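Asker: What follows is a protein structure lacking sequence information:
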């Protein structure tokens, strides 16, 4: 029973390549998951601000721009939106 070292070397190279590719794909996936979590938290906070602000006539429009700011910055982005709405909002 002869051992073919070429096949063993191919398996080792394949496993190393799989580990390297897995590492390269996992890092961007963590960034995407963080953005998705921030977007969900930001959307919930905008919803709560609109719910509570509805009692006082205060509302943040939910559009592509506010969703981007809330998704990128999370809760600090929603606070920024509240401040910008207070400063530049309609009288």
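Answerer: Thanks, I have the structure now. Remember, it's a predicted structure, so these values are computed and weren't measured experimentally.

Asker: Poorly predicted segments of the protein, please.
Answerer: Residue ranges of the chain with pLDDT under 70: 1-2, 90-91.

Asker: for it, which helix is longest?
Answerer: helix 5-53 (DSSP state H).

Asker: Could you find the closest non-adjacent residue to the residue nearest to the spatial centre of the chain?
Answerer: Of all residues in the chain, the one closest to the mean position by CA atoms, centre = their mean is residue 35, 0.7 Å from it. Excluding its sequence neighbours, the residue lying closest to residue 35 (CB to CB, 6 or more residues apart in numbering) is residue 71, at 6.0 Å. C-beta: built from backbone N, CA, C; applies to glycine.

Asker: who's in contact with the one you found?
Answerer: Taking CB atoms under 8 Å, 6 or more residues apart in numbering as the criterion, residue 71 is in contact with 35, 36, 38, 39, 42, 43, 77.

Asker: again, only this time at 10 Å
Answerer: 35, 36, 37, 38, 39, 40, 41, 42, 43, 77 (CB atoms under 10 Å, 6 or more residues apart in numbering).

Asker: which two in the residues you listed are spaced the farthest apart?
Answerer: 36 and 77 (14.4 Å; CB to CB).
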